[in-house]
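In: build the 3D model from these lines:
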Amino acid sequence: MKILHLDTNHSLLINQLKESGFENYEDYTSSKPEIEDKIHEYDGIVIRSRFTIDKSFLDKATNLKFIGRVGAGLENIDCDYAEKKGINLISAPEGNRNAVGEHALGMLLSLFNKLNKADKEVREGKWFREENRGVELDGKTVGIIGYGNMGKAFAKKLQGFDVEVICYDIKPNVGDKNCKQVSLKELQEKVDVLSLHTPQTERTLNMVNDKFINNFSKPFWLLNTARGKSVVTEDLVTALQSKKILGAGLDVLEYEKKSFENLFTDQEMSEAFKYLIHAENVLLSPHVAGWTIESKEKLAQTIVDKIKVKFC
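Out: All right, here's what the predicted structure looks like:
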């Protein structure tokens, strides 16, 4: 089988596939139309988020048997159309779930203890102790929306704290020893902290909006290490201003390009984003929650293992 690699990844991916008898070809620079002109020559492709694999692309991929996405989500692929064509879709949420769990916990503790603000002030020679008095996580209720690989990893990380962990998921019976599954209504009544771990789907686009936020019984902290377009930024800012949301840790933003490689396209910086970058109770990172030294290797290994199980 001939495999076309469209994004650079850990070297073990190509090395181990070669050892298993696959022919590997690399093209990290050609445009999407140029790739489409030759995609019929390949049995498989491996991609991260370089471009969208749509119907037009898939119609030209007449010999394609699988798409390996070195990451968790598949929203840059027309999954329904690919499956109709009998193309196997392979992703690797197992590879970076631990990294996401650790990043979410790190963001939460940093927000609670004002570490980002305090660090900046000390570097400026300011020594404000009372203004940087923190909040303890113990005794809080942490709610997770989306209890798959990422949600489970975050819940596991929370087990060292005296917290109640609850989750809401559209799938039944996903709760486990680390987290109790509840209705959305119960979650919105109880939580002090809300963490999103959902894929990008029609149901999750713009999910966190004014109506959703105002259904919570008390002010809460928001973490989003999932997908940026799940949160309406303008509504988030309104909630931060009214203190309905006490603070936010955002690894993803709705302004990201589909490739996740850049923040803005040609649009000017929005007023909502200007607010976020100056807010002391907002912590931002550039879509790197699952982006660790270890996860780079684990993501590649997961893709290799799944390809070998299916095609060796």
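
In: okay, strands next: where are they in the stretch 151-300 of the chain?
Out: In the stretch 151-300 of the chain, strands defined by DSSP state E, counting those that start in this stretch lie at 164-168, 180-181, 193-196, 220-224, 245-250, 282-284, listed in chain order.

In: what's the angle between the fifth one and strand 220-224?
Out: If you take axes from the mean of the first three to the mean of the last three C-alpha atoms, to 10 degrees, strand 245-250 sits at 10 degrees to strand 220-224.

In: sheet-wise, list the partners of strand 245-250 with their directions.
Out: In the sheet containing strand 245-250, its partner strands are strand 220-224 (parallel), strand 282-284 (parallel), by DSSP bridges.

In: kindly provide the distance from Gly139 to Val191.
Out: Going from Gly139 to Val191 by C-beta to C-beta, to the nearest Å gives 13 Å. C-beta here means a position set from N, CA and C on the backbone, and glycine is covered the same way.

In: scratch that, Gly71 is what I was asking about
Out: Gly71 sits at a distance of 28 Å from Val191 (criterion: C-beta to C-beta).

In: so for these two, which sits in the more crowded spot?
Out: Set Gly71 next to Val191 and count neighbours by other C-beta atoms under 10 Å: Val191 wins out with 25 against 22.

In: hang on, the more buried one packs against Thr141?
Out: Yes. Assessed by C-beta atoms under 8 Å, Val191 is found in contact with Thr141 at 5.1 Å.

In: tell me, what's touching the two both at once?
Out: Ile166 (C-beta atoms under 8 Å, 6 or more residues apart in numbering).

In: list the contacts for the spatially most central residue of the chain?
Out: The chain has Ala226 as the residue nearest its centroid, 3.1 Å off, counting by C-alpha atoms, centre = their mean. Contacts of Ala226 were listed using C-beta under 8 Å, 6+ apart, and they are 146, 150, 196-200, 204, 252.

In: in JSON lines: these, plus distance to His103.
Out: Shown next, in JSON lines, are the contacts of Ala226 (distance: C-beta to C-beta, whole Å):
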{"residue": "Gly146", "distance to His103": "15"}
{"residue": "Met150", "distance to His103": "10"}
{"residue": "Leu196", "distance to His103": "13"}
{"residue": "His197", "distance to His103": "11"}
{"residue": "Thr198", "distance to His103": "16"}
{"residue": "Pro199", "distance to His103": "17"}
{"residue": "Gln200", "distance to His103": "18"}
{"residue": "Thr204", "distance to His103": "19"}
{"residue": "Val252", "distance to His103": "11"}
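
In: of those, just say which sits nearest to Lys38.
Out: The nearest member of the contacts of Ala226 to Lys38, counting by C-beta to C-beta, is Gln200 at 29.0 Å.

In: for Ser91, see how far away the closest one is.
Out: Gln200 is 13 Å from Ser91, by C-beta to C-beta.
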